[in-house]
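Trainee: Quick check, what structure comes out for this input:
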Amino acid sequence: MPEPIRIELPATREALALLHAGDEVLLSGPVYTARDAGHERLLAAVKRDGVLPFDLAGQTLFYAGPTPAADGFPAGSVGPTTAKRMDASTLALLRAGIVATIGKGARSEVVRRAIAETGSVYFAAVGGAAALLGQHVNAAEPVAWPELGTEALVRLTLRDFPVFVATDAAGNDLYESAPEQWRAERGIRP
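Mentor: Take a look at the predicted model:
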């Protein structure tokens, strides 16, 4: 089994273009958490101002709501949220300059096309492992909207945070190809 690919964030689209759907990756560096309410505010800012707020251009959005610090860690649990819930905002945010997203689960066809169009990447983190994932966070700094609680915009600094490339910059999708590959390896016809 090949070693995981190490990526330092923020990553350029050129660096992300070298990744392939299914690659195991360890992310280190800053990401910004955003869930439903945060996405509404980000999208409103892009529509109003024409640019991403808080210097988010070139950054990675993590669909998560970190819990308060616990057991000596800057964040308690940090689990991925179902990415499809953010699909309505994703196209505009990618076009505005977000280069990667992290969540769990498959994305819509519209988002897969938007990822390919912009040369972005969607990383999938394992759901149900939020306490373990929280141990890969070195810092958690509120950026905006503290009144949203766990849905506030928070800058997390990750260290060797484990993810898989779910949709690569060419639009190849692990959630689509993995079942086909599994069936083919077993001689099962669709």
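
Trainee: tell me the contacts of D168?
Mentor: 16, 19-21, 23, 115, 121 (CB atoms under 8 Å, 6 or more residues apart in numbering). Glycine gets a C-beta too; all of them are placed from N, C-alpha and C.

Trainee: what about 6 Å?
Mentor: 19-21 (CB atoms under 6 Å, 6 or more residues apart in numbering).

Trainee: Can you lay out those residues as CSV showing secondary structure and distance to R189?
Mentor: Output for the contacts of D168, formatted as CSV (DSSP: H, G, I helix; E, B strand; the rest coil; distance: CB to CB, whole Å):
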residue, secondary structure, distance to R189
L19, coil, 30
H20, coil, 26
A21, coil, 23
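
Trainee: Please indicate which of those are buried?
Mentor: 19, 21 (16 or more other CB atoms under 10 Å).

Trainee: Just the closest of the contacts of D168 to D87, please.
Mentor: A21 (17.9 Å; CB to CB).

Trainee: ok, the nearest residue to A166 once chain neighbours are set aside to A144 distance?
Mentor: Among residues not flanking A166 along the chain, A124 sits closest, at 3.8 Å (CB to CB, 6 or more residues apart in numbering). Distance from A124 to A144, counting by CB to CB, to the nearest Å: 26 Å.

Trainee: And the closest residue to P146 other than its chain neighbours, its phi and psi?
Mentor: Counting by CB to CB, 6+ apart, A152 is the residue found nearest to P146 once chain neighbours are left out, at 5.1 Å. Taking degrees, to the nearest 10, you get phi -60, psi 160 for the backbone angles of A152.

Trainee: Quick one, grab the pLDDT at A152.
Mentor: Turning to A152, the model gives it a pLDDT of 91.

Trainee: which residues sit against stretch 37-56?
Mentor: Taking CB under 6 Å, 6+ apart as the rule, stretch 37-56 contacts 86, 89, 92, 96-97, 143, 148, 151, 153.

Trainee: In helices only, show me those.
Mentor: 89, 92, 96 (DSSP state H).

Trainee: What is the burial count for the last one?
Mentor: Put plainly, it is A96. By other CB atoms under 10 Å, the residues close to A96 number 20.

Trainee: in the strand ranked longest in the chain, what's buried?
Mentor: Secondary structure of the chain per DSSP state E: the longest strand is strand 153-167. For strand 153-167, a neighbour-count test (16+ other CB under 10 Å) marks 153-158, 161-167 as buried.

Trainee: picking up where we left off before, the residue nearest to P146 contacts A140, doesn't it?
Mentor: No - using CB atoms under 6 Å, A152 is not in contact with A140; the gap is 10.4 Å.

Trainee: Of A124 and A144, which one has the most company?
Mentor: A124 (22 against 18).

Trainee: who are the neighbours in contact with that one?
Mentor: 104, 164, 166.

Trainee: For A70, see how far away it is.
Mentor: 24 Å.

Trainee: This structure: strands as residue ranges?
Mentor: 5-8, 24-33, 60-62, 100-103, 121-124, 137-144, 153-167.
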